[in-house]
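*Asks:* Next one to model:
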Amino acid sequence: MQVIKSKINTNSEAYKANYAGMLKKVEELEALMKKSTWQGDEKLTSRVKQAGRMLARERIELLLDQDSPFMELCPLAGFGRDSFALGGTLTAGIGLVCGKLSLIIANIPTIKGGAVDHVTLQKGMRLNEIALENRLPVIYLVESAGANLQEQASIFNLGGTNFRDITRRSQKKIPTISVVFGSSTAGGAYIPGMSDYVIMIKNQAKVFLAGPPLVKMATGEITDDETLGGAEVHSKISGVSDFFAQDENDAIRIARELINHLNTQEQERAEKIQEPKYSAEEILGIVSDDIKKQYDAREVIARIVDASDFTEFKPDYGTTLVTGFALINGYQVGIIANNGVIFPEASNKGAHFIQLCNKNNTPLLFLQNITGFMVGKKYEHQGIIKDGAKMINAVSNSKVPAITIIIGASYGAGNYAMCGRAFQPRFLFSWPHSKIAVMGADQLTGVMEMIQREAAMKAGIQINEEQAKAVKAKVAKEVEHQSSAFFASGQLWDDGVIDPRETRNYLGMSLAVIYDGLAKEKDYKQQMDNEFGVFRM
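*Replies:* Below is the predicted model of the structure:
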């Protein structure tokens, strides 16, 4: 190649004049950039530091990988205009989080409580465009008083674009994670409300559409921040929060764990596979051969996933269903396991998690030990049918591959919600003590007896108690036989009955097959999408 030969004379007066002039402009820029890093009056920032909390830029620094570059975006937004601060009340940029390029957007609560003025709104809209066009995962570090009410006329109509764009990114499988550090009201509440994943900090995060003063004006109800919308309320009761962090450091740790589990870029099998910290042999001592005896599904998970490392989703909400992310033999998987009967909250949680795994292209593992959905007047009135239907709908329309292991009971509609044979998991295995049926033998024969007695009473017929007892015992024995894992396997209702200690090995092989198939499917789709090769114009 021909090398360009420069003709510039660096000793000339013209060169020196240009250099001096440009240096002044650079110094002007540096002064403005320094001004854009302002995070509020020293009195406010000192108060935050004394309380053991971090400023917005410190939160970003801790979230980023060590030595990660950080490309700040729109730092001079609002220059020459009336605004709360140069750059608005947001600081944002692109950096590496667990090796993945991510857009980080942080409210600056030490400037006007992080309230959104017109400049901040416009900056946020541009950041949304960047995230969508470049398919960047977004991490919001939230602490905002919502819209600046004095500018409502210029903010309200376009303010909804922030919420719209979060959902549009989600539809395109571009995840949004919100970490709520403090009070987030009205529009500030909708950011986490619309996000795919939400982390709230104990005794710090406060999220509500209207704070206690407005609630009192609107309804006459007297309440306080924590009772109205604290992190514990949203983590255990409302379900708005997915992860309950103990402090700011813990919240950032969880955010990093989440981004690490997201398939935001082409994910390959982990190079270094770590064995579980606990022996698979111990499963035999944890699980009773009597399926009526409950056990914590996490104890099984700890013995089948890599390094016994499990990032649990919504651990304090819908607690009879355990959901979360893990690696098995280096392969990413989303796990759904039963810890009791499915209540409405657990069903909603399951449907939510299945949707997330679909947006994240993460295969699902169902660990079935389920007697069904909760019944009774209270739960019917709460809508257990529609809530149960949500989870079954999510399973039915899930596009990611699934594996199901029956590790206990598999009764009634619980079998459907937990991806039984009818819902076409790629592989389905059973443990030797498992049972599968409409319901347990005792419940089934009991229901049949009650129906027969009611029919006999209406017909005025006297029941022969000895005969009824014998029939009941016979039916119970037959149901017990037809519910067994070996009977089910004989009917090809599963792909094999396996030793519980071999579960990890079976899962590893199944996931290898699934991921290999996904790679081939991706290549095939790329070939189909590329209708033309290279041709000359």
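*Asks:* all strands of the stretch 151-300 of the chain, in order?
*Replies:* Under the criterion DSSP state E, counting those that start in this stretch, strands of the stretch 151-300 of the chain are mapped to 176-180, 183-185, 197-201, 206-208, 243-245.
*Asks:* Identify whichever of these lies nearest to residue 404.
*Replies:* Among the strands of the stretch 151-300 of the chain, the nearest to residue 404 by CB to CB is strand 197-201 (24.9 Å). In short, each C-beta sits where N, CA and C put it, glycine included.
*Asks:* and that closest one, which residues are buried?
*Replies:* 197, 198, 199, 200, 201 (16 or more other CB atoms under 10 Å).
*Asks:* for residue 104, what are its contacts?
*Replies:* Counting by CB atoms under 8 Å, 6 or more residues apart in numbering, residue 104 touches 60, 63, 64, 92, 93, 94, 95, 97, 138, 139, 141.
*Asks:* Give me the neighbour count for residue 236.
*Replies:* Residues near residue 236, counting by other CB atoms under 10 Å, number 17.
*Asks:* does the residue lying closest to it once chain neighbours are set aside sit in a helix or strand, and which one?
*Replies:* Of all residues not flanking residue 236 in the chain, residue 316 sits nearest, at 4.6 Å (CB to CB, 6 or more residues apart in numbering). Secondary structure assigned from DSSP states H and E places residue 316 in neither a helix nor a strand.
*Asks:* Please report the confidence value the model assigns to residue 316.
*Replies:* pLDDT, residue 316: 93.
*Asks:* contacting residues for it?
*Replies:* Neighbouring residues of residue 316 by CB under 8 Å, 6+ apart: 235, 236, 244.
*Asks:* The first one and residue 254 touch, don't they?
*Replies:* This means residue 235. No: using CB atoms under 8 Å, residue 235 is not in contact with residue 254, being 12.0 Å away.
*Asks:* Return every residue with contacts to both of those two.
*Replies:* When contacts are counted by CB under 8 Å, 6+ apart, residue 235 and residue 254 are jointly contacted by residue 243.
*Asks:* out of the buried residues of strand 197-201, who's nearest residue 124?
*Replies:* residue 198 (18.2 Å).
*Asks:* what about that closest one, distance to residue 165?
*Replies:* 17 Å (CB to CB, to the nearest Å).
*Asks:* can you check residue 194 too?
*Replies:* Taking CB to CB, one finds residue 194 at 9 Å from residue 165.
*Asks:* swap in residue 420?
*Replies:* Per CB to CB, residue 420 is found 38 Å from residue 165.
*Asks:* Repeat that for residue 13.
*Replies:* 52 Å.
*Asks:* The two: which is more packed in?
*Replies:* A direct count of neighbours by other CB under 10 Å for residue 13 and residue 165 places residue 165 higher, at 21 against 8.
*Asks:* returning to what we had before: quick one: which of the strands of the stretch 151-300 of the chain is nearest residue 113?
*Replies:* Nearest to residue 113, of all the strands of the stretch 151-300 of the chain, is strand 183-185, at 7.6 Å by CB to CB.
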